[in-house]
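Participant: Need a 3D model of the sequence below.
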Amino acid sequence: MSPAVMRTAEAHVHSRALGMFSIIGCSVSMVGLALTVIVHLVFWRSLSSERTVLLMNVCATFFIGYIVFLTGIEKTTNSTVCTAIAVILHYIFLVVFFLMLAEGLMITYLVLSPYRKRRVVKPFIIAAYAIPILIVGISIGVTQLKGYGNETFCWLTVDNGLFWAFAGPIIVVVVGNIVNLGIILKFGICGISAMAKKSDLEKIKTGARSVGVLTPMFGITWLIGVFAVNDSTLVFQWLFVILNSLQGLMIFIVKCPLDKKVQDAFKQKRRRLFFAKSSTSDGKTNKRKNNIKILNIPENRDENDESMAKTVIGILKTHIEVDLQPIDTVAMHRIPTKKGQARPVLIKLRNNSVKSAIMRKRAPMKNGGYKLVDDVTKPNQGLINRLHLHPDIESAWYFNGGGVRANFRR
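Facilitator: Sure thing, here's the model as predicted:
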């Protein structure tokens with residue numbers, strides 16, 4: 001076998017291996033992106049924020065980009081289709097980078113204006129989608145579509161300078177987020193604005209981790225990606241395959257397991273599951289005997305189980321002089337209610353004496369704007385409602401886990 005034939009056969013083997021690992025790598029990234037979206041949708045009530053909206057845009061855009069990349073990068077038989085795919089990929093991945101710049105700018109805004117609550121996510125997202133349109137549009141106008149794909153791949157070529165229409169904005173985004181990171185570290189985590197609010201400090205730390213880890217990684221990956229498809233050097237090609245497989249995975253790791261708000265949401269879910277399990281394990285008669293609900297406690301966007309428990313304990317101590325201790329409670333969490341209303345707080349107490357001490361002081365709580373009620377099952381609540389409609393019944397109520405009671409009219 002001649003050396004030329006051997007080189008051709010070896011190149012074919014490497015090409016097949018790269019193709020297979022590219023599919024595996026992109027699939028791993030797509031799984032990471034999908035898991036990130038699923039986690040945030042499942043815990044949307046706890047995690048919803050401007051940064052979460054931005055993250056959903058990043059994941060969705062990236063996911064679409066991967067699909068187009070996997071299915072279209074080698075569609076070279078039709079030059080028009082190939083050019084269209086290259087243009088779409090150029091736009092999609094620029095959007096991803098500008099969304100990441102938007103995150104850095106949002107955290108910087110929070111650091112420099114800790115007391116301002118103006119919502120800035122909408123203009124940032126609009127800009128992140130609009131600026132790439134200008135860049136791609138100018139690139140198309142200047143190059144007349146030359147450089148968008150060739151006979152071997154449907155991506156940007158480096159022959160006519162089109163490469164800089166992608167590499168230039170990436171460099172700007174990376175440098176911009178490095179500047180943002182410097183501001184965040186100086187004035188946010190180490191500076192006086194970090195003292196403004198504990199919840200804001202946690203957002204700043206999370207944002208700094210995201211900007212500091214993901215932006216450089218993405219920038220390096222896609223700069224290598226341009227060379228990987230334009231150069232026959234195996235080093236660039238394998239580096240791109242490896243780094244590409246880590247992108248979605250890193251988004252998942254940084255935005256889920258390492259994010260404190262996600263950790264708190266999981267802990268809250270686990271406590272609710274424990275509460276449900278402990279409730280169903282009690283007898284049918286007594287399972288809600290020691291439960292009480294407190295209505296009209298304001299709900300904060302940044303609230304977690306710990307801060308909510310402190311608020312409830314403070315209200316009980318201030319209004320009815322009951323010093324509720326952690327040992328007195330089995331679980332404490334908010335339960336669903338009508339949209340637009342603060343969710344009631346459900347407290348499962350360890351014994352009935354603590355419950356009685358609290359329930360005897362409903363009047364002072366009512367004077368403070370709060371309402372204490374028993375945790376009534378739907379069937380019992382339905383019975384109470386029907387009794388109230390009866391002409392001979394003056395009043396009906398649920399008595400301390402002992403069932404429904406009623407007063408007849410005299």
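
Participant: Kindly list the main-chain dihedrals of Glu303?
Facilitator: The phi/psi pair for Glu303 (degrees, to the nearest 10) reads phi -70, psi 140.

Participant: need the contact list for it.
Facilitator: Glu303 makes contact with Thr311 under the criterion C-beta atoms under 8 Å, 6 or more residues apart in numbering. Quick note: C-beta positions are derived from backbone N, CA and C, even for glycine.

Participant: Would you quantify the distance from it to Ile64?
Facilitator: From Glu303 across to Ile64, the span is 34 Å (C-beta to C-beta, to the nearest Å).

Participant: gap between stretch 47-66 and the chain center?
Facilitator: Relative to its parent chain, stretch 47-66 has a centroid offset of 8 Å by C-alpha atoms, centre = their mean, to the nearest Å.

Participant: Kindly apply the preceding question to stretch 101-108 instead.
Facilitator: 16 Å.

Participant: And for stretch 126-146?
Facilitator: Mean C-alpha position of stretch 126-146 versus that of the full chain (C-alpha atoms, centre = their mean) differs by 30 Å.

Participant: buried set for that stretch?
Facilitator: Within stretch 126-146, the residues scored as buried using 16 or more other C-beta atoms under 10 Å are Ala128, Ile131, Pro132, Ile135, Val136, Ser139, Ile140, Thr143, Leu145.

Participant: give me the low-pLDDT residue ranges for the protein?
Facilitator: The chain contains residues with pLDDT under 70 at 1-19, 114-118, 187-219, 221-237, 271-287, 377, 396-406, 409-410.

Participant: Can you show me the CA trace of stretch 133-151 as PDB?
Facilitator: The C-alpha atoms that make up stretch 133-151 are tabulated as PDB, following Å, rounded to 0.1, in the frame of the first residue of the first chain:
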ATOM      1  CA  ILE A 133     -28.300  40.700  13.600                       C
ATOM      2  CA  LEU A 134     -26.300  43.900  12.800                       C
ATOM      3  CA  ILE A 135     -23.000  42.000  12.900                       C
ATOM      4  CA  VAL A 136     -24.200  39.200  10.600                       C
ATOM      5  CA  GLY A 137     -26.000  41.700   8.300                       C
ATOM      6  CA  ILE A 138     -22.900  43.800   7.900                       C
ATOM      7  CA  SER A 139     -20.800  40.600   7.300                       C
ATOM      8  CA  ILE A 140     -23.200  39.400   4.600                       C
ATOM      9  CA  GLY A 141     -23.200  42.800   2.900                       C
ATOM     10  CA  VAL A 142     -19.400  43.200   3.000                       C
ATOM     11  CA  THR A 143     -18.500  39.600   1.900                       C
ATOM     12  CA  GLN A 144     -21.500  38.900  -0.300                       C
ATOM     13  CA  LEU A 145     -21.900  35.600   1.500                       C
ATOM     14  CA  LYS A 146     -18.300  34.500   0.500                       C
ATOM     15  CA  GLY A 147     -16.800  32.600   3.400                       C
ATOM     16  CA  TYR A 148     -20.100  31.300   4.700                       C
ATOM     17  CA  GLY A 149     -19.400  27.600   4.100                       C
ATOM     18  CA  ASN A 150     -17.500  25.800   1.400                       C
ATOM     19  CA  GLU A 151     -17.200  22.300  -0.200                       C
END
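
Participant: now what about that stretch, what contacts it?
Facilitator: Residues contacting stretch 133-151 (C-beta under 8 Å, 6+ apart): 76, 79, 82-83, 85-87, 90-91, 94, 154-157, 159-163, 165, 169.

Participant: For those, which PyMOL command selects only the ones that are buried?
Facilitator: Buried subset of these, written as a PyMOL selection, criterion 16+ other C-beta under 10 Å:
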select buried, resi 76+82+83+85+86+87+90+91+94+154+155+156+157+162+163+165+169
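
Participant: Out of the contacts of stretch 133-151, list just those in helices.
Facilitator: Ser79, Cys82, Thr83, Ile85, Ala86, Val87, His90, Tyr91, Leu94, Ala165, Pro169 (DSSP state H).

Participant: ok, of the residues you listed, which one's closest to Val68?
Facilitator: Ile85 (6.4 Å; C-beta to C-beta).

Participant: dump the residue contacts of Ile125.
Facilitator: Contacts of Ile125 (C-beta under 8 Å, 6+ apart): Val53, Leu54, Asn57, Leu99, Ala102.

Participant: Would you indicate which residues of the helix or strand hosting the second one are buried?
Facilitator: It refers to Leu54. Element membership of Leu54, judged by DSSP states H and E, is helix 50-72. Of the residues in helix 50-72, 50-52, 54-59, 61-63, 65-66, 68-69, 72 count as buried by neighbour count, 16+ other C-beta under 10 Å.

Participant: Please apply the same query to stretch 302-312.
Facilitator: Residues of stretch 302-312 classed as buried: Glu303, Asn304, Asp305, Met308, Ala309, Thr311, Val312 (neighbour count, 16+ other C-beta under 10 Å).

Participant: For stretch 370-387, measure first residue to last.
Facilitator: Using C-alpha to C-alpha, to the nearest Å, one end of stretch 370-387 lies 25 Å from the other.

Participant: Tell me the buried residues in that stretch?
Facilitator: For stretch 370-387, a neighbour-count test (16+ other C-beta under 10 Å) marks Tyr370, Leu372, Asp374, Asp375, Val376, Leu383, Ile384, Leu387 as buried.

Participant: Take these and keep only those in helices.
Facilitator: Checking these against DSSP H, those in helices are Leu383, Ile384, Leu387.
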